[in-house]
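Undergrad: Sequence plus predicted model, see below.
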Amino acid sequence: MSLEKYHKKRKFGKTPEPKGKISKKDLNRFVVQEHHARNLHYDFRLEMEGVLKSWAIPKTPPKSTSVKRLAMATEDHPIEYINFKGEIPKGQYGAGTVKIWDRGKYSLLEKKGNEIIVDLKGKKLKGKYALIKPKGSRFGKKAWLFFKMKT
Ligand code: MN
(Lines give C-alpha, C1' and ligand atoms only; values in the text may rest on other atoms or scores of the structure.)
Protein backbone atom coordinates (compact mmCIF):
# COMPACT_ATOMS: atom_id res chain seq x y z
CA MET A 1 0.00 0.00 0.00
CA SER A 2 1.26 3.42 -0.84
CA LEU A 3 0.01 6.96 -1.06
CA GLU A 4 2.88 7.94 -3.33
CA LYS A 5 0.68 8.52 -6.37
CA TYR A 6 -1.85 10.47 -4.31
CA HIS A 7 0.86 12.71 -2.88
CA LYS A 8 2.61 13.24 -6.22
CA LYS A 9 -0.52 14.54 -7.90
CA ARG A 10 -1.23 17.23 -5.31
CA LYS A 11 0.31 20.40 -3.87
CA PHE A 12 -0.82 20.43 -0.25
CA GLY A 13 -0.11 24.12 0.19
CA LYS A 14 -2.65 24.83 -2.52
CA THR A 15 -5.41 22.27 -2.09
CA PRO A 16 -7.52 21.81 1.04
CA GLU A 17 -7.39 18.04 0.56
CA PRO A 18 -5.72 16.10 3.40
CA LYS A 19 -2.15 14.92 2.98
CA GLY A 20 -2.93 11.94 5.13
CA LYS A 21 -1.01 8.80 5.84
CA ILE A 22 -1.51 5.06 5.80
CA SER A 23 -3.83 4.17 8.65
CA LYS A 24 -3.80 1.18 10.96
CA LYS A 25 -7.47 1.44 11.75
CA ASP A 26 -10.04 0.01 9.46
CA LEU A 27 -13.63 0.89 10.24
CA ASN A 28 -15.13 -0.60 7.09
CA ARG A 29 -16.59 2.63 5.85
CA PHE A 30 -17.27 3.75 2.33
CA VAL A 31 -17.99 7.08 0.74
CA VAL A 32 -19.22 8.31 -2.61
CA GLN A 33 -18.07 11.84 -3.40
CA GLU A 34 -19.85 13.80 -6.10
CA HIS A 35 -17.02 15.56 -7.84
CA HIS A 36 -17.77 18.45 -10.16
CA ALA A 37 -14.42 18.42 -11.91
CA ARG A 38 -13.91 18.93 -15.65
CA ASN A 39 -16.45 16.14 -15.96
CA LEU A 40 -18.90 15.37 -13.21
CA HIS A 41 -18.19 11.94 -11.74
CA TYR A 42 -18.72 10.01 -8.54
CA ASP A 43 -15.69 8.83 -6.56
CA PHE A 44 -16.42 5.56 -4.86
CA ARG A 45 -14.02 4.77 -2.02
CA LEU A 46 -13.76 1.77 0.26
CA GLU A 47 -11.77 1.85 3.49
CA MET A 48 -9.52 -1.15 3.04
CA GLU A 49 -5.99 -2.15 4.08
CA GLY A 50 -5.19 1.25 5.60
CA VAL A 51 -6.21 3.36 2.62
CA LEU A 52 -9.27 4.24 0.60
CA LYS A 53 -9.42 2.04 -2.48
CA SER A 54 -10.88 4.34 -5.10
CA TRP A 55 -12.79 4.31 -8.37
CA ALA A 56 -14.20 7.14 -10.45
CA ILE A 57 -17.67 6.40 -11.79
CA PRO A 58 -18.61 8.70 -14.68
CA LYS A 59 -22.36 8.34 -14.15
CA THR A 60 -24.67 8.16 -11.12
CA PRO A 61 -23.98 5.00 -9.09
CA PRO A 62 -26.90 2.60 -9.57
CA LYS A 63 -29.51 1.99 -6.90
CA SER A 64 -31.12 -0.82 -8.86
CA THR A 65 -29.79 -4.09 -10.22
CA SER A 66 -30.46 -3.28 -13.85
CA VAL A 67 -27.52 -0.94 -14.48
CA LYS A 68 -23.80 -1.64 -14.81
CA ARG A 69 -21.48 1.31 -14.48
CA LEU A 70 -17.95 1.79 -15.65
CA ALA A 71 -15.67 2.45 -12.66
CA MET A 72 -12.14 3.61 -13.39
CA ALA A 73 -9.63 2.63 -10.71
CA THR A 74 -7.84 5.68 -9.34
CA GLU A 75 -4.97 6.10 -6.90
CA ASP A 76 -5.37 5.01 -3.28
CA HIS A 77 -6.47 7.92 -1.10
CA PRO A 78 -5.71 8.41 2.62
CA ILE A 79 -8.47 7.41 5.04
CA GLU A 80 -8.86 11.06 6.09
CA TYR A 81 -10.24 11.75 2.64
CA ILE A 82 -13.46 10.00 3.62
CA ASN A 83 -14.67 13.26 5.18
CA PHE A 84 -13.43 15.56 2.47
CA LYS A 85 -15.80 17.96 0.82
CA GLY A 86 -15.19 21.42 -0.50
CA GLU A 87 -13.49 23.23 -3.28
CA ILE A 88 -10.32 22.07 -5.00
CA PRO A 89 -8.91 25.32 -6.42
CA LYS A 90 -8.58 26.07 -10.11
CA GLY A 91 -5.33 24.84 -11.58
CA GLN A 92 -5.00 22.03 -9.02
CA TYR A 93 -5.47 18.36 -9.72
CA GLY A 94 -9.19 17.55 -9.76
CA ALA A 95 -10.19 21.22 -9.53
CA GLY A 96 -13.85 21.68 -8.70
CA THR A 97 -16.42 21.07 -5.98
CA VAL A 98 -16.58 17.85 -3.97
CA LYS A 99 -19.75 16.90 -2.10
CA ILE A 100 -20.56 13.81 -0.08
CA TRP A 101 -23.17 11.93 -2.13
CA ASP A 102 -23.42 8.89 0.10
CA ARG A 103 -21.58 7.25 2.95
CA GLY A 104 -21.93 4.40 5.38
CA LYS A 105 -20.46 1.15 6.54
CA TYR A 106 -19.91 -1.94 4.46
CA SER A 107 -19.21 -5.62 4.93
CA LEU A 108 -16.68 -7.31 2.73
CA LEU A 109 -18.24 -10.46 1.29
CA GLU A 110 -15.52 -11.44 -1.15
CA LYS A 111 -12.21 -10.13 -2.42
CA LYS A 112 -10.03 -11.50 -5.17
CA GLY A 113 -7.66 -9.66 -7.47
CA ASN A 114 -10.34 -8.78 -9.97
CA GLU A 115 -13.48 -9.06 -7.90
CA ILE A 116 -14.71 -7.28 -4.78
CA ILE A 117 -18.15 -7.92 -3.38
CA VAL A 118 -19.50 -5.76 -0.61
CA ASP A 119 -22.70 -5.22 1.29
CA LEU A 120 -23.20 -1.46 1.39
CA LYS A 121 -25.12 0.20 4.18
CA GLY A 122 -25.44 3.72 2.88
CA LYS A 123 -28.38 6.07 2.63
CA LYS A 124 -28.57 5.73 -1.16
CA LEU A 125 -26.54 2.62 -1.87
CA LYS A 126 -27.83 -0.36 0.08
CA GLY A 127 -27.28 -4.04 -0.48
CA LYS A 128 -24.89 -6.28 -2.32
CA TYR A 129 -22.63 -4.58 -4.85
CA ALA A 130 -19.89 -5.96 -7.06
CA LEU A 131 -16.76 -4.44 -8.47
CA ILE A 132 -15.48 -6.64 -11.24
CA LYS A 133 -12.42 -6.09 -13.36
CA PRO A 134 -13.06 -7.56 -16.79
CA LYS A 135 -10.19 -9.33 -18.58
CA GLY A 136 -10.23 -6.89 -21.45
CA SER A 137 -11.95 -3.54 -21.71
CA ARG A 138 -11.94 -0.91 -24.41
CA PHE A 139 -11.50 1.55 -21.56
CA GLY A 140 -8.13 0.05 -20.64
CA LYS A 141 -6.51 -1.66 -17.69
CA LYS A 142 -8.07 0.57 -15.04
CA ALA A 143 -11.59 -0.20 -16.11
CA TRP A 144 -13.84 -2.04 -13.67
CA LEU A 145 -17.58 -2.55 -13.60
CA PHE A 146 -19.70 -1.48 -10.64
CA PHE A 147 -23.21 -2.82 -10.19
CA LYS A 148 -25.82 -3.91 -7.72
CA MET A 149 -26.23 -7.66 -7.52
CA LYS A 150 -29.48 -9.54 -7.56
CA THR A 151 -29.99 -11.24 -4.22
MN1 MN B 1 -12.65 12.70 -8.54
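TA: Everything's here; your move.

Undergrad: From here on, just use CA atoms for contacts and neighbour counts.
TA: Noted.

Undergrad: Assign a three-state SS to Y81, would you?
TA: Following DSSP: H, G, I helix; E, B strand; the rest coil, the label given to Y81 is helix.

Undergrad: G50 versus that one, what's the distance?
TA: Separation of Y81 from G50 (C-alpha to C-alpha, to the nearest Å): 12 Å.

Undergrad: go on, T74?
TA: Distance from T74 to G50, by C-alpha to C-alpha: 16 Å.

Undergrad: Pretty sure W55 sits against H41.
TA: No - applying C-alpha atoms under 8 Å, one finds W55 not in contact with H41, separated by 9.9 Å.

Undergrad: Could you check which of the two has the larger neighbour count?
TA: W55 (26 against 21; other C-alpha atoms under 10 Å).

Undergrad: would Y6 count as being in a helix?
TA: Yes - counting by three-state DSSP, Y6 falls inside a helix.

Undergrad: Any stretches of the protein with poor pLDDT?
TA: 1 (pLDDT under 70).

Undergrad: Next, V32: secondary structure please.
TA: Applying three-state DSSP: V32 is strand.

Undergrad: Use 495 as the first number from now on
TA: I'll keep to 495 as the first residue from here, and by that count the last item is V526.

Undergrad: What segments of the protein are helices?
TA: Counting by DSSP state H, the chain has helices at residues 498-503.

Undergrad: Contact partners for K593?
TA: For K593, the contacting residues are 527-529, 578-580, by C-alpha atoms under 8 Å, 6 or more residues apart in numbering.

Undergrad: Which one of the residues you listed sits in the busiest neighbourhood?
TA: H529 (26 neighbours).
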